[in-house]
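Colleague: Turn this into a structure:
(one chain, ligands or ions: 1)
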Amino acid sequence: MAKRPTVLVTRKLPEAVEARLERDYEARLNPDDSELDAEALLRAAEGVDAIMPCHSERFPAGVIERLPESVKIIANFSVGTDHVDLAAARARGIVVTNTPEVLNDATAEVTMLLMLGAARRASEGERLVRAGGWRSWSPAFMVGTQVTGKTVGIVGMGRVGKVVAERCRGFAMQIHYHNKVRLPAEVEQGAVYHPRLDDMLPHCDFITMHCPNTPETQGMINEDSIAKMKDGVIFVNAARGSIVDEDALMAALRSGKVKAAGLDVYRNEPFIDERWSKIETVFLLPHIGSATAETRDAMGFRALDNLDAYFAGREPGDRVA
Ligand code: DGY
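Modeller: Below you'll find the model as predicted:
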């Protein structure tokens, strides 16, 4: 019988995913879910044919160059691939895959949670109730911003952006979007396309980010773009922290230019800038956009489908390098 490929699995994955891994591969699992820094990752990768990492493991060029010769594929358990230097992987002939589609609904749910949480002051309200500080009610108490019927600007109308648009339609919101390409009319469903981000910003009561982290998108929300937004805009990011200049967003929240923000992602996760916790008008979540049991299973199965295809000599469906 041919030797089964060895797969290094960098984090604890759902039971059903690990069961399939153990059924079909020599799986090196991580039952303690311990974090692997670059050196630990390189040691653990000794002699493996494949790595199944999450976005929590980093593969910059320096790590890719030092991966053992045996590693042929990095089958990510994530849709984002900004933790992997794709050019360096290509240069070494290492195949890289991701897990698109399966987390669209979960991420869109968290986007709506952030939008609603920021607009309706959920974080402030929850803190008040928990701390036993709620003493009275009046019509002026904890008044927020209504979401229903407002204009939302979606930055990046890809797989997740389109589901967010559908959910926003459920709140009778008018949809504007900025994307590299305009969508066909039947997909647009009346959404207003803006080829230039700056042209969309002044129209929006809410702005929500759904683009990948690339050299072009890094820092795209900055002092200049914020200045073009409506006064009192509500800003949401469930994509990647690096697309936002955090100093600029904090300043805008402090001045009230941005009335509230809902954030699931940050620069330098999980060691986020501690100034965030001092800003009352920001609703903070710890990168849980895709964290549902259903989606975690689906991500694992999708990553395994890619591995299966590769080791069966077929092109993996979600190859990105
Ligand atoms: C993704 O899949 O990119 C999510 O951010 C979780 O890693």
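
Colleague: Residue 8: which element?
Modeller: Element membership of residue 8 [criterion: DSSP states H and E] is strand 6-9.

Colleague: Hmm, I typed the wrong one, I wanted residue 175.
Modeller: strand 174-178.

Colleague: and what of residue 226?
Modeller: helix 223-228.

Colleague: So which elements touch that helix?
Modeller: Counting by 3 or more C-beta pairs under 8 Å, 6 or more residues apart in numbering; DSSP states H and E, the packing neighbours recorded for helix 223-228 are helix 197-200, helix 246-255. Placement of C-beta: from N, CA and C, glycine included.

Colleague: any idea of the mean pLDDT for the shortest one?
Modeller: Across helix 197-200, pLDDT averages out at 98.

Colleague: related to what we said a few turns ago, which residues touch the strand holding residue 175?
Modeller: With contacts defined as C-beta atoms under 8 Å, 6 or more residues apart in numbering, strand 174-178 is touched by 150-157, 161, 165, 168-169, 183, 189-197, 200, 203-204.

Colleague: helix or strand right after that strand?
Modeller: Downstream of strand 174-178, the next assigned helix or strand under DSSP H and E is helix 185-188.

Colleague: The closest residue to residue 121 other than its chain neighbours sits in which helix or strand?
Modeller: Distance criterion C-beta to C-beta, 6 or more residues apart in numbering; nearest residue to residue 121, sequence neighbours excluded, is residue 144 at 4.6 Å. Assessed by DSSP H and E, residue 144 sits outside every helix and strand.

Colleague: Return the distance of the spatially most central residue of the chain relative to residue 209.
Modeller: Note on the chain: the residue nearest the mean C-alpha position is residue 239, at 3.7 Å, using C-alpha atoms, centre = their mean. Residue 239 sits at a distance of 4 Å from residue 209 (criterion: C-beta to C-beta, to the nearest Å).

Colleague: With the flanking residues excluded, which residue is spatially nearest to the one residue in the stretch 151-300 of the chain that gets nearest to the ligand?
Modeller: Across the stretch 151-300 of the chain, no residue is closer to the ligand than residue 290, which sits at 4.8 Å (C-beta to the nearest ligand atom). Take residue 290 and drop its neighbours on the chain: the residue closest to it by C-beta to C-beta, 6+ apart is residue 103, 3.9 Å away.

Colleague: and the closest residue to the ligand within the stretch 101-250 of the chain, what does it touch?
Modeller: When distances are taken as C-beta to the nearest ligand atom, the stretch 101-250 of the chain reaches nearest to the ligand at residue 103, 5.7 Å away. Counting by C-beta under 8 Å, 6+ apart, residue 103 makes contact with 79, 160, 289, 290, 295, 298, 299.

Colleague: Correct me if wrong: the second one contacts residue 107.
Modeller: Yes: using C-beta atoms under 8 Å as the test, residue 160 is close enough to residue 107 to be in contact (4.8 Å).

Colleague: and the two? which has more neighbours close in?
Modeller: The residue with more neighbours, out of residue 160 and residue 107, is residue 160; 29 against 24, by other C-beta atoms under 10 Å.

Colleague: got the contact list for the more buried one?
Modeller: Applying C-beta under 8 Å, 6+ apart to residue 160 gives the contacts 103, 104, 107, 108, 111, 210, 238, 239.

Colleague: okay if I get those as a markdown table plus pLDDT?
Modeller: What follows is the contacts of residue 160, written out as a markdown table (pLDDT from 0 to 100):
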| residue | pLDDT |
| --- | --- |
| 103 | 98 |
| 104 | 98 |
| 107 | 98 |
| 108 | 98 |
| 111 | 99 |
| 210 | 98 |
| 238 | 98 |
| 239 | 98 |
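
Colleague: any chance of the residues you listed in JSON lines, with secondary structure too?
Modeller: Listed next are those as JSON lines, based on DSSP: H, G, I helix; E, B strand; the rest coil:
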{"residue": "103", "secondary structure": "coil"}
{"residue": "104", "secondary structure": "helix"}
{"residue": "107", "secondary structure": "helix"}
{"residue": "108", "secondary structure": "helix"}
{"residue": "111", "secondary structure": "helix"}
{"residue": "210", "secondary structure": "coil"}
{"residue": "238", "secondary structure": "coil"}
{"residue": "239", "secondary structure": "coil"}
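
Colleague: quick one on the thing from earlier: can I get the helices and strands packed on helix 223-228 in TSV with distance to residue 96?
Modeller: Formatted as TSV, those follow (distance: least, C-beta to C-beta, whole Å):
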stretch	distance to residue 96
helix 197-200	28
helix 246-255	28
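
Colleague: got TSV for those helices, with distance to residue 47 and mean neighbour count too?
Modeller: Formatted as TSV, the helices and strands packed on helix 223-228 follow (distance: least, C-beta to C-beta, whole Å; neighbours: other C-beta atoms under 10 Å):
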stretch	distance to residue 47	mean neighbour count
helix 197-200	47	16
helix 246-255	41	17
